[in-house]
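Q: fold the following, please.
(2 chains)
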Amino acid sequence: MAHKTLIQAINEALHLEMKRDERVMIMGEDVGANGGVFRATEGIYNEFGADRAVDTPLAEAGIIGSAIGMAAYGLRPVPEIQFDGFMLPAFDQLVSHAARLRWRTRGRFTCPMTVRVPYGGGIRALEHHSEAPETYYAHTPGFKVVLPSNPYDAKGLLLASIRDPDPVIYFEPKRLYRAFRQDVPEEDYEVPIGKAAVVKEGTDVTVISWGTMVRVSEEAAEKAQEEKGISVELIDLRTLWPLDIDTVIASVQKTGRCVVVHEAPRTVGLGAEIISLINEKALLHLEAPVVRVTGYDVAMPLFRMENYYMPNANRVLQGILKTVQF
Amino acid sequence: MATKSKANKPVTVKDVFKNKFTPYTLLNPDGTLNGPAPDLSPEQLQAMHRVMVEARVFDERAVNLQRQGRLGTFAPLSGQEAAQVGSAFALRKTDWLFPSYREHAACALHGQPWLDILKYWGGNEDGSRVPDDVNIFPVAIPIATQIIHAVGAAWAAKIQGKDDATLVFFGDGGTSEGDFHEGLNFAGVFKTATVFLCQNNFYAISLPRESQTSSESIAQKAISYGIEGIQVDGNDVLAMYQMTKEAFDRGRAGEGPTLIEAQTYRYGPHTTADDPTRYRDSAEVDQWKERDPIERLKNYMISQSIWDDGKEEALWEDVRAQMAKVVEDYEALPERPVEEIFKYTFEEMPWHLEEQLAELKDFIAEYGNPNEGHH
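A: Numbering: from 1, shown residues only, chains lettered A, B, ... in the order given. You can find the predicted model right below:
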């Protein structure tokens, strides 16, 4: 078992699945000869050729629209949108077609594609390169939305996504691409869609997060334990929708307190939905209102001030204290 | 046998423009003319030359700052100075400019201070706040989106009975986006005074121009919108000026928009995050450097006896000092208060942003500034 970064794990999953299933192909801007702007698709063009590692013209609606046709016809396309902020030209294709093809045709046509999208802030990137748009897709009926926080899950979730019969939006936390390494088995394995991970068990407060914010919340959980003696149960959602309601509710019933952490703006963010679900299913277990630690309701600032926007460990700690001291 | 009739021979659209386009050039690489010189005074030629040199030096400084971690990701323009300066020189002060993200030379020429351009790439939103009398839209990073804005502004001018024109820049890659189609189509229908300036530098990050579109030229795409299309040598500042000027004249006269394909080349990477050696070879870069736009204009001015080597040397020295000052001013900028990320979301701050701002201030008071040391 080798130590790998998250981006190596993604690359390995693509190689594996393209070897295993000849219907699988990648497509997008600079994904072929150049190996992707983050090198996620490095080596795939050389191994599988230009027909299965397609450098498309610069057109996101073109990429997603044609992937829909390919998927319906019988391929398993894995289109890449180069950055989170560039999904928008494809939004119509995604929302009006990919998400509802099964529904509209009563199952006659389906859209088994996995849209890979580098996601989120914290890498000093340019404008429109640091967005956290998960809410749009979780909100749209018909999408599964996945966002790993570590190399092991990245590989297993990508394999599960490509094999899933429905369209999956597979967000990749850019800040974690090369942030740390983890043991990742060489072989084929899946991390099931729809199953959260309890990263750390605890008794006083549940912290729910995903992507980069899982790492931030881990740091906050350690601080809470060391500095305040608070025992945090940390949940990595992994699949944002349909989320693992059983794991969330069981944890909140146990701790009675909850903090949701995400880097997307607060209003109508996924945190709002999670709090609604907790209110519906576990209200009488709550000892305090659920707290949100999120990005603010502003456009993502340019990189010089992005650390004001991005939740950090102290902000999560502050949220934990707020609910514990309620 | 029936008589041959031309009418019976189907004309296929694909063949109509085969080999029809060649880039229009006025100024040869050695500085000699092969056409009528545009009506430009020595002072105007020198002004063009100066901005091109400014852009080249700015580019070097910006790339170096990025390499040292003192600037964010930066999109260098070196090699494309003539395409930008020649076209933007045809703008009147009241005309509007819509850049993508590489048009530092065009923006500087139309009145954006170099310091503001550096600010934007340094992660400071104030850089997009152009002076009140400067009509330049902010950098558009989402590809081709700005094309339609330029149509709207020119359309508004027409509705208001003004003869202001708009100039919008995009690349060869941008022509693949749907917004390109929608923008050119609207402009054709509403006959707006818009110049669509495609800087075809032959690569969209790594994708070569011939893989971007099967069209033999980008200029010929104009035909499908019923508008003018011209292919120009983008490293020839005089041809760029002349063709853009004529396009504006037509636009202001109500004759509609023009698509200009300016063939040029970026010497450097797509951005400082890109490694161009992965997709193009150095021989190709060298070939283009032999057609350098700055050298070309310099040679022309020398041949016209309005310039000499001494003046050239003094100019570069002066511009280096100018850019050193820009960098110095950039680095001396004070840290901005945290309010900056909340301001300008709306004209008046609603309750929820007031709350969030207060929350962040309280956080900073208790836990320290999360942005400290983040430059």
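
Q: got the contact list for the nearest residue to B:Ala273 once chain neighbours are set aside?
A: In this structure, B:Ala273 finds its nearest non-sequential neighbour in B:Thr73, 5.1 Å apart by Cβ to Cβ, 6 or more residues apart in numbering or on different chains. Any C-beta I mention is one placed from the backbone N, CA and C, and that applies to glycine too. Neighbouring residues of B:Thr73 by Cβ atoms under 8 Å, 6 or more residues apart in numbering or on different chains: A:Arg124, A:Ala125, A:Leu126, B:Gln66, B:Trp121, B:Thr271, B:Thr272, B:Ala273.

Q: just the CA trace of the helix or strand encompassing A:Val78, in CSV.
A: Taking DSSP states H and E as the criterion, A:Val78 maps to strand A:76-80. Extracted in CSV, the C-alpha atoms of strand A:76-80 (Å, rounded to 0.1, in the frame of the first residue of the first chain):
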residue,chain,number,x,y,z
ARG,A,76,-19.7,6.1,-19.1
PRO,A,77,-18.3,9.6,-19.5
VAL,A,78,-16.4,11.3,-16.8
PRO,A,79,-16.3,14.9,-17.9
GLU,A,80,-14.1,17.4,-16.1
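
Q: so what touches the very next helix or strand once past it?
A: Under the assignment DSSP H and E, the closest C-terminal helix or strand after strand A:76-80 is helix A:91-92. Outside helix A:91-92, the residues that touch it by Cβ under 8 Å, 6+ apart are A:Ala61, A:Tyr136.

Q: which residue is the nearest non-sequential neighbour of the residue nearest in space to the middle of chain B?
A: When Cα atoms, centre = their mean is applied to chain B, the residue found nearest the centroid is B:Glu103 (3.3 Å). Distances taken as Cβ to Cβ, 6+ apart place B:Phe169 nearest to B:Glu103, at 4.8 Å, with adjacent residues excluded.

Q: on the three-state scheme, that neighbour is what?
A: strand (DSSP: H, G, I helix; E, B strand; the rest coil).

Q: and for it, the neighbour number?
A: B:Phe169 is flanked by 29 other residues according to other Cβ atoms under 10 Å in any protein chain shown.

Q: burial count for the closest residue to chain A within chain B?
A: Nearest residue of chain B to chain A, counting by Cβ to the nearest Cβ: B:Gly123, 3.2 Å away. By other Cβ under 10 Å, 22 other residues sit near B:Gly123.

Q: the contacts of B:Thr73 in helices, which ones?
A: B:Gln66, B:Trp121 (DSSP state H).

Q: quick check: residues of the stretch 201-326 of chain A near chain B?
A: A:266-267, A:296-299, A:301-310, A:312, A:314-315, A:317-318 (Cβ under 8 Å from any Cβ of the partner chain).

Q: make a ChimeraX selection of the buried ones in those residues.
A: Buried members of these, identified by 16 or more other Cβ atoms under 10 Å in any protein chain shown, are gathered into one ChimeraX selection as follows:
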select /A:266,296,297,298,301,302,303,304,305,306,307,308,309,310,312,314,315,317,318
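
Q: now, which of the residues of the stretch 201-326 of chain A next to chain B lie within strands?
A: Secondary structure from DSSP state E places none of those in strands.

Q: which stretches of the chain form helices?
A: This is for chain A. A:6-20, A:44-48, A:60-73, A:91-92, A:101-104, A:134-139, A:151-163, A:212-228, A:245-255, A:270-282, A:306-309, A:313-324.

Q: look at chain B instead
A: Assigned by DSSP H, the helices in chain B fall at B:13-16, B:42-67, B:81-88, B:104-109, B:114-121, B:145-159, B:178-190, B:209-212, B:237-252, B:282-289, B:293-303, B:309-331, B:351-367.

Q: contacting residues for residue 245?
A: In the absence of a named chain, this looks at chain A. A:Leu277, A:Lys281.

Q: ah, no, chain B please
A: B:Pro38, B:Ala90.

Q: residues in contact with the residue positioned nearest the centre of chain A?
A: Central residue of chain A (Cα atoms, centre = their mean): A:Leu147, 1.6 Å from the mean position. Residues in contact with A:Leu147 (Cβ under 8 Å, 6+ apart) are A:Tyr119, A:Glu134, A:Tyr170, A:Phe171, A:Glu172, A:Pro173, A:Trp210, A:Gly211, A:Leu237, A:Arg238, A:Thr239, A:Leu240.
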